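Trainee: give me a model of this one.
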Amino acid sequence: PFKTKKRVTLDIPLKNNENNNITPAPSPPRPVPTPPTKTMVSPPTPRRSGRKSSPSTSGRHVTVDGRTVSARLQNLGRIPEFPEDLANLVQGDSNTTEYDVALQALSSGDEPLSEKELFERKDLEEWLKAEEIEWKAIVANGTIKWIRRDKVPKGTKIIKSKWVWKRKPDRYKARCVAKGFMQSPFDYGETYAPVAKFSTIRSLLAHAAIHDLTIRNLDIGNAYLNSFLPQNERCFMEAPPRYRQDGYVCMLIKSLYGLKSAGRLWNDTIDKWFKDLGYKQSTYDPCLYYYKNGDRFIYVALYVDDCIYVGDDEYMRDFERAISAEFKVRLLGNAKTFLGMEITKNSQKGTVEITQKKYIKNIVNKFGLENAKPVHSPLPTKIDKHLENATSDQDCDNELYRSIIGSLMYAQNLTRPDISFAVSKLSRYLNN
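Mentor: Numbers count the residues shown, from 1 in each chain. Coordinates of the predicted model:
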């Protein structure tokens, strides 16, 4: 073996002795401070940017050829096309063109964002009907109780509420949301609420493929409204627009979307229901529940209000009857979609295929990239040099860049691990 010599450098001060004739250089004299003098300095000339000015796109929508579209899509110079398979699912009224419905269904940010914007839309009546359905569900569920304003204890903060609108592929959806950011930190307890891991969901699908099991899923409607608020966490809220009563406020008996502890309370409610039914909680994933009796079993993965489950057919039917009796549930049958991914089971080949074709197609159309050429490698060479040379003087949109990366991250975590390196590399430049 070769012996390597280590070279050690020591920083030793030199001394003026007989063995060392080098004298240290004299230290320079300290400058004598002089009193500051007042000088008149002209203000600096403001620096002008070399970027070409462009129309402001701070709003979410602009008008192109008489149609309302997303401002960021118009900046890209391309308006997305509408997939035919999604068009068949959308039922618009006679005053809504197919193009307008397409923009709403493609998550291009074409839902109303404010009350003013709501009343400027052609489909106003549809949104108002959705609000009425939601408010009736809240009242029928016993979520609120009307209280005279003068009966509210002194010093109690009354939080406000608002409507949030979302265009689903098959319906209009409005949700009454409490402004939880107005809550005092002393008005609520724990806020953490777990959800099923993506690895757990993939494991269930793999288990179903190996043992040829049926895969089913369901959706729990108005999940957060099923949880009772603890006595010390009850709060008072102004009713949302169009449903207010003079001199009255709402006392929340049950949880409501937007409250700080809403997710935690719902998780505690559904967790207690599973355990009372005899299910056990996995030590690996707190949102995986199972029941076993000999060779028969059922596994249920819970993601907030969406359930996917595999196992014995009789156990699954018993589970559906039990949960339908306790909550308002939509039984979706054999799982074809879950969390934005398409599920295709082939019993003959013993495989389960998961894809996100529709999701990826939507985001490609959303960002105007449907004409881009496909490549085998998801990341070009020398990408670091290209990104590091990019400066703020170039026509870049940080918000748009972050939106693209965020959309890719969801696909990466669920069904496309092959783009993980590319997304990780590009995520280093979110701020510049």
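Trainee: surely K358 touches E342?
Mentor: Yes. Between K358 and E342 a contact is recorded at 6.8 Å, counting by C-beta atoms under 8 Å. For every residue, glycine as well, the C-beta is placed using N, CA and C.
Trainee: how about the CA coordinates for stretch 293-309, as PDB?
Mentor: C-alpha atoms of stretch 293-309 as PDB (Å, rounded to 0.1, in the frame of the first residue of the first chain):
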ATOM      1  CA  ASN A 293     -61.600 -12.400  10.200                       C
ATOM      2  CA  GLY A 294     -59.600 -15.400   9.200                       C
ATOM      3  CA  ASP A 295     -58.900 -15.200   5.400                       C
ATOM      4  CA  ARG A 296     -61.500 -12.500   4.800                       C
ATOM      5  CA  PHE A 297     -60.600  -8.800   5.100                       C
ATOM      6  CA  ILE A 298     -61.200  -5.300   4.000                       C
ATOM      7  CA  TYR A 299     -58.900  -2.300   3.700                       C
ATOM      8  CA  VAL A 300     -60.200   1.200   3.600                       C
ATOM      9  CA  ALA A 301     -58.000   4.300   2.800                       C
ATOM     10  CA  LEU A 302     -59.400   7.700   3.700                       C
ATOM     11  CA  TYR A 303     -58.400  10.900   2.100                       C
ATOM     12  CA  VAL A 304     -60.400  13.600   3.900                       C
ATOM     13  CA  ASP A 305     -63.900  12.700   2.500                       C
ATOM     14  CA  ASP A 306     -62.900  10.300  -0.200                       C
ATOM     15  CA  CYS A 307     -62.700   6.500   0.500                       C
ATOM     16  CA  ILE A 308     -61.100   3.800  -1.600                       C
ATOM     17  CA  TYR A 309     -61.400   0.200  -0.400                       C
END
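Trainee: just the buried positions in it, please.
Mentor: For stretch 293-309, the neighbour count (16 or more other C-beta atoms under 10 Å) marks 297-309 as buried.
Trainee: now do stretch 406-414
Mentor: Those would be S407, L408, M409, Y410, A411, Q412, L414, for stretch 406-414 by 16+ other C-beta under 10 Å.
Trainee: for those residues, which one is nearest D276?
Mentor: When the buried residues of stretch 406-414 are ranked by distance to D276 (C-beta to C-beta), L414 comes first, at 31.7 Å.
Trainee: the closest one: what's it in contact with?
Mentor: By C-beta atoms under 8 Å, 6 or more residues apart in numbering, the contact set of L414 is F198, L339, G340, M341, I354, Q356.
Trainee: now do the last one, the pLDDT please.
Mentor: Confidence at Q356, expressed as pLDDT, is 89.
Trainee: so it makes contact with T415?
Mentor: Yes. Between Q356 and T415 there is a contact under C-beta under 8 Å: 5.0 Å.
Trainee: and the strands in the stretch 151-300 of the chain, which stretches?
Mentor: Counting by DSSP state E, counting those that start in this stretch, the segments of the stretch 151-300 of the chain that form strands are 158-159, 161-167, 172-178, 214-220, 236-237, 248-252, 280-281, 288-293, 296-303.
Trainee: name every strand pairing with the fifth one and say which way it goes.
Mentor: Sheet neighbours of strand 236-237, with direction, are listed as strand 158-159 (parallel), strand 248-252 (antiparallel) (DSSP bridges).
Trainee: let me see the mean pLDDT of the shortest one.
Mentor: Summarised as a single mean, pLDDT over strand 158-159 is 90.
Trainee: returning to that earlier point: make TSV out of the strands of the stretch 151-300 of the chain and add distance to I147.
Mentor: Shown next, in TSV, are those (distance: least, C-beta to C-beta, whole Å):
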stretch	distance to I147
strand 158-159	10
strand 161-167	15
strand 172-178	15
strand 214-220	29
strand 236-237	7
strand 248-252	5
strand 280-281	38
strand 288-293	38
strand 296-303	34
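Trainee: E132 is nearest to which of these?
Mentor: strand 172-178 (8.5 Å).
Trainee: by how many degrees do the closest one and strand 248-252 diverge?
Mentor: With axes from the mean of the first three to the mean of the last three C-alpha atoms, to 10 degrees as the basis, strand 172-178 and strand 248-252 are set at 90 degrees to each other.
Trainee: which residues touch strand 172-178?
Mentor: Residues outside strand 172-178 that contact it (C-beta under 8 Å, 6+ apart) are 123, 126-127, 129-131, 133-135, 138, 159-167, 237, 240, 252, 256-259.
Trainee: with adjacent residues omitted, what lies nearest to L331?
Mentor: Counting by C-beta to C-beta, 6 or more residues apart in numbering, the nearest residue to L331 once its immediate chain neighbours are dropped is L218, at 5.1 Å.
Trainee: for the strands paired with strand 236-237, which one ends up most surrounded?
Mentor: Stretch with highest mean neighbour count among these: strand 248-252 (a mean of 20; mean count of other C-beta atoms under 10 Å).
Trainee: what's the average pLDDT for that one?
Mentor: For strand 248-252, mean pLDDT rounds to 92.
Trainee: ok, residues contacting that strand?
Mentor: Here strand 248-252 makes contact (C-beta under 8 Å, 6+ apart) with 143-149, 152, 158, 178, 229, 234-239, 259.
Trainee: got the angle between it and strand 161-167?
Mentor: Going by the same axes, to 10 degrees, strand 248-252 makes 70 degrees with strand 161-167.
Trainee: just the CA atoms of strand 248-252, as PDB, please.
Mentor: What follows is strand 248-252, C-alpha atoms only, in PDB (Å, rounded to 0.1, in the frame of the first residue of the first chain):
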ATOM      1  CA  TYR A 248     -79.000  38.000  14.300                       C
ATOM      2  CA  VAL A 249     -75.800  36.100  14.000                       C
ATOM      3  CA  CYS A 250     -75.000  32.300  13.700                       C
ATOM      4  CA  MET A 251     -73.700  30.300  16.600                       C
ATOM      5  CA  LEU A 252     -71.800  27.300  15.200                       C
END
